[in-house]
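Chemist: structure, please.
(chains A and B)
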Protein chains: 2
Amino acid sequence: MPYGYEQAKALTFSEYGEPPSVLSLHGHSISPPHGDKMTLRFLASPINPADINQIQGVYPSKPTFTTDLGTPNPIAVAGNEGVAEIIALGDKVKSAGYKKGDWVFMKGPGFGTWRTHASATVDQVVKLEDSMREGITALQAGTVSINPCTAYRMITDFTTLQPGEWFIQNGANSGVGRAAIQLGKKWGLKSINVIRSRDDKAAEDKLKDDLKALGADIVITDAELQAQGIRDQAKEWTNGGREKIRLALNCVNGKAATAMAKLLSSSAHFVTYGAMSKQPLIISASMLIFKDIHFHGFWVSRWAEKNPEDKIKTVSDVLDMTRSGEFKDTPFDQIKWDYETKGDELIAKVKDTLEGYREGKGVFVFGKT
Amino acid sequence: MPYGYEQAKALTFSEYGEPPSVLSLHGHSISPPHGDKMTLRFLASPINPADINQIQGVYPSKPTFTTDLGTPNPIAVAGNEGVAEIIALGDKVKSAGYKKGDWVFMKGPGFGTWRTHASATVDQVVKLEDSMREGITALQAGTVSINPCTAYRMITDFTTLQPGEWFIQNGANSGVGRAAIQLGKKWGLKSINVIRSRDDKAAEDKLKDDLKALGADIVITDAELQAQGIRDQAKEWTNGGREKIRLALNCVNGKAATAMAKLLSSSAHFVTYGAMSKQPLIISASMLIFKDIHFHGFWVSRWAEKNPEDKIKTVSDVLDMTRSGEFKDTPFDQIKWDYETKGDELIAKVKDTLEGYREGKGVFVFGKT
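Modeler: You can find the predicted model right below:
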């Protein structure tokens, strides 16, 4: 390669479909940056459920299809979240306050983060200030923008919970769920956490213990949530019902979500951010009219686009908690991606994540080239 | 009867069930009022769907079962809304500012308004000030607290609609629906109104014309709402989608409600106040997450209990509009109730209303005894 050129690889697709069928590893080169251009080297890029939906074509935020990566037909780079390091930059980027070695996030979705390198402009990135970056690993920085932000905003933006009050959530062992447990704990809230029942009871018990160690007050399975007597149990947990359950966080939908709504106190808020069961939400009239439950949705991409300042503040708060040890990483499945890594290997990992994303989470971690 | 005693009749029930089976006309006498007691003569008391549900035992606000009306076993008087005239009063009622001839509403639900006379205390009633009563008929005063208040609060309490913006509602020919059309019109809002399809197309067309005469911009049937191409039509009505549909009022539930939600603009509010289809509401995750629709319920009894001052203000506003001719009565089926009226006749009218309440509305209108 000529001096200053970067040899890049990216997981790309030219049409929507199931990731194993439509993804391929595409190599291209990036010329030295001038003007308002910078060259990024990615450090860590997670595989989120929304990334999969985007490849399938069922996500409202569309990726950018382009021929800029040297293909005859337009292709898009997969992935929406990640952290990258600036390895080269044009004059205008320098005068905008950036320097070599700075870490940046993508400003919005659709940029494509499953790639070793990228060319970007100043308006496409947000700088991670040195004070925020201190003591933070690339893995932590690369996974802070979506799941922890989702949990943080859902707990704070729909109602004002007082210390000692409760929230209830399903998918409690997901990235968002684990973040919600820890944020709730820090803010003096109590939580009822619903996980999927497992055939392996020892694994189920271990997961319950793990979530309790993070700060979960109560952990139950969805079978336990839907069993008779759950209302009496909830009453017991909440001091005879005197402590209110004023918020529900839902990423499952279907019957399990309705069962969760039934445990809420009057005039509570129910926020949906996912639908792992692929079922709709079914709400009785009396739950709306007489119990006065308010049903909302939360989409972190829309929120971040509307509230760029709040996003930086939220990320900064979570990174502060990470630094002080109050916020623990989700157990990640780190997927090494070096220059030599084969496309088939990477795509197989995407497929694994696709099938098992309720359990853990895959993150591409890039080696130095 | 001794002087000062009133001979009263009331539609009562001693156990929950279908109105024709459990209702009976009960006669009793009311002794002259002393202290904080007053004797009321009812003028007009409507039959609302909630009254029926209360008799069936499926309404969360329960009636008062009592032996005060001279029965060996406790009975409750049906009905929740109405206007009554004070015909006699104790000293403490006088010193609280009331006089003979004053008109009063019931302060909350559960008092029982399907009766010719009642004994009440000051804390059970709200006085209709003379200025509010001027130019208003008993029928108008007796039917203002529930349907017009429900429409008024649903349009104003969930989002701030700007003049020129749209709302959409089903059950548009109901008491609430007709009130919403007229209030919306006065406030500069536009409305899409959904009515049930009728076999008699001439009657359907007449109803559409009636609602348009009240101020409805668009009137469609539920079949038209659920037909293909409705989105394109809605776009046409709303100036290519530039005028937003930011509120939906729903008393139907089921598929027809979901179809209505699909016409809403992003971040709109969907308020449920009834479920005539007896179906739940079915909401997709994407409608919550990506379209950001907020789903609420509205129950006028809870609202009135929490906001007594606002209730008086709301009633006063509607009566002002009635006086000025901007607010027309719902077409009522007036049911004459004299001292001689037989119980069977009255109960047959309740049954009619029960079966046909989507079409019109029954109101007991009391003759002088």
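
Chemist: give the helix, strand or coil label for the closest residue to chain B within the stretch 1-150 of chain A.
Modeler: Proximity of the stretch 1-150 of chain A to chain B (Cβ to the nearest Cβ) peaks at residue A:60, 4.7 Å away. From N, CA and C alone the C-beta is placed, and that goes for glycine too. What DSSP: H, G, I helix; E, B strand; the rest coil gives for residue A:60 is coil.

Chemist: for it, list the residues it contacts.
Modeler: B:286, B:290 (Cβ atoms under 8 Å, 6 or more residues apart in numbering or on different chains).

Chemist: what do you get if the cut-off is 6 Å, keeping everything else the same?
Modeler: Residue A:60 makes contact with residue B:290 under the criterion Cβ atoms under 6 Å, 6 or more residues apart in numbering or on different chains.

Chemist: what about residue A:313, distance to chain B?
Modeler: 22 Å (Cβ to the nearest Cβ, to the nearest Å).

Chemist: make that residue A:330, sorry
Modeler: For residue A:330 relative to chain B (Cβ to the nearest Cβ), the value is 21 Å.

Chemist: got a pLDDT number for the closest residue to residue A:180 other than its chain neighbours?
Modeler: Once flanking residues are discounted, residue A:180 sits nearest to residue A:151: 3.9 Å by Cβ to Cβ, 6 or more residues apart in numbering or on different chains. pLDDT recorded at residue A:151 is 98.

Chemist: same check, this time on the one 10 residues further on
Modeler: The confidence metric pLDDT takes the value 97 at residue A:161.

Chemist: so it, which of the three states?
Modeler: Criterion first, three-state DSSP; result for residue A:161: coil.

Chemist: for it, the count of nearby residues, please.
Modeler: Neighbourhood size, residue A:161 [other Cβ atoms under 10 Å in any protein chain shown]: 21.

Chemist: tally of neighbours for the residue lying closest to it once chain neighbours are set aside?
Modeler: Leaving out its chain neighbours, the residue that sits closest to residue A:161 by Cβ to Cβ, 6+ apart is residue A:189, at 5.5 Å. Residue neighbour count, defined by other Cβ under 10 Å, stands at 22 for residue A:189.

Chemist: residue A:189 touches residue A:159, doesn't it?
Modeler: No - in this structure, residue A:189 is not within contact of residue A:159 by Cβ atoms under 6 Å, at 11.4 Å.

Chemist: show me which residues of the stretch 51-200 of chain A sit near chain B.
Modeler: Counting by Cβ under 6 Å from any Cβ of the partner chain, the residues of the stretch 51-200 of chain A close to chain B are residue A:60.

Chemist: the stretch 51-200 of chain A: strands as residue ranges?
Modeler: A:76-77, A:83-89, A:103-106, A:117-121, A:125-128, A:166-170, A:190-195 (DSSP state E, counting those that start in this stretch).

Chemist: could I get those as CSV with mean neighbour count and distance to residue B:29?
Modeler: CSV is the format used below for those (neighbours: other Cβ atoms under 10 Å in any protein chain shown; distance: least, Cβ to Cβ, whole Å):
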stretch, mean neighbour count, distance to residue B:29
strand A:76-77, 23, 84
strand A:83-89, 23, 83
strand A:103-106, 22, 80
strand A:117-121, 20, 88
strand A:125-128, 20, 80
strand A:166-170, 27, 53
strand A:190-195, 26, 56
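
Chemist: angle of the helix or strand that residue A:231 is a member of against strand A:190-195?
Modeler: Per DSSP states H and E: residue A:231 is located in helix A:230-237. On the basis of axes from the mean of the first three to the mean of the last three Cα atoms, to 10 degrees, helix A:230-237 is oriented at 140 degrees to strand A:190-195.

Chemist: follow-up on the earlier one: got JSON lines for the strands of the stretch 51-200 of chain A, with mean pLDDT too?
Modeler: Shown next, in JSON lines, are the strands of the stretch 51-200 of chain A (pLDDT from 0 to 100):
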{"stretch": "strand A:76-77", "mean pLDDT": "98"}
{"stretch": "strand A:83-89", "mean pLDDT": "97"}
{"stretch": "strand A:103-106", "mean pLDDT": "95"}
{"stretch": "strand A:117-121", "mean pLDDT": "97"}
{"stretch": "strand A:125-128", "mean pLDDT": "94"}
{"stretch": "strand A:166-170", "mean pLDDT": "98"}
{"stretch": "strand A:190-195", "mean pLDDT": "98"}
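
Chemist: wait, which of the ones you listed is closest to residue B:259?
Modeler: strand A:166-170 (28.1 Å; Cβ to Cβ).

Chemist: quick one on the thing from earlier: can I get the strands of the stretch 51-200 of chain A in a markdown table with distance to residue A:224?
Modeler: Shown next, in a markdown table, are the strands of the stretch 51-200 of chain A (distance: least, Cβ to Cβ, whole Å):
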| stretch | distance to residue A:224 |
| --- | --- |
| strand A:76-77 | 42 |
| strand A:83-89 | 38 |
| strand A:103-106 | 39 |
| strand A:117-121 | 46 |
| strand A:125-128 | 41 |
| strand A:166-170 | 12 |
| strand A:190-195 | 8 |
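
Chemist: could you report the distance from the residue nearest to residue A:180 to residue A:266?
Modeler: Applying Cβ to Cβ, to the nearest Å, the value for residue A:151 to residue A:266 is 24 Å.

Chemist: who has more neighbours, the two?
Modeler: Higher neighbour count among residue A:151 and residue A:266: residue A:151, with 28 against 11, using other Cβ under 10 Å.

Chemist: ok, and what's touching the lowest-mean-pLDDT helix or strand in chain A?
Modeler: Across the helices and strands of chain A, mean confidence by mean pLDDT, DSSP states H and E is lowest for helix A:343-356: a mean of 84. With contact meaning Cβ under 6 Å, 6+ apart, helix A:343-356 is reached by A:19-20, A:23, A:25, A:47, A:52, A:335, A:362.

Chemist: which of those residues fall in strands?
Modeler: With strands taken from DSSP state E, the overlap with those comprises A:25, A:335, A:362.

Chemist: nearest to residue A:203, of these?
Modeler: residue A:362 (19.5 Å).

Chemist: give me the pLDDT value at that closest one.
Modeler: For residue A:362, pLDDT reads 90.

Chemist: what's the answer for residue A:330, then?
Modeler: 84.

Chemist: I'd like the distance between the residue nearest to it when sequence neighbours are not counted and residue B:347.
Modeler: Spatial nearest neighbour of residue A:330, chain neighbours left out: residue A:175 (4.5 Å); criterion: Cβ to Cβ, 6+ apart. Going from residue A:175 to residue B:347 by Cβ to Cβ gives 61 Å.

Chemist: which of the two has more neighbours?
Modeler: residue A:175 (24 against 18).

Chemist: the more buried one is in contact with residue A:147, isn't it?
Modeler: Yes - Residue A:175 is within contact range of residue A:147, at 3.5 Å (criterion: Cβ under 6 Å).

Chemist: surely residue A:267 meets residue A:294?
Modeler: No - the criterion here is Cβ under 6 Å, and residue A:267 misses it with residue A:294 at 7.6 Å.

Chemist: more neighbours, these two?
Modeler: Under the neighbour definition other Cβ under 10 Å, residue A:267 and residue A:294 were set side by side, and residue A:294 has more, 19 against 14.

Chemist: what is the neighbour count of residue A:339?
Modeler: Residue A:339: 13 neighbours (other Cβ under 10 Å).

Chemist: same check, this time on the one 3 residues further on
Modeler: Around residue A:342 sit 9 other residues, with neighbours defined as other Cβ under 10 Å.

Chemist: measure it to chain B for me?
Modeler: For residue A:342, the distance to chain B - Cβ to the nearest Cβ - is 35 Å.

Chemist: quick check: phi and psi on that residue?
Modeler: Per-residue torsions, residue A:342: phi -80, psi 150 (degrees, to the nearest 10).
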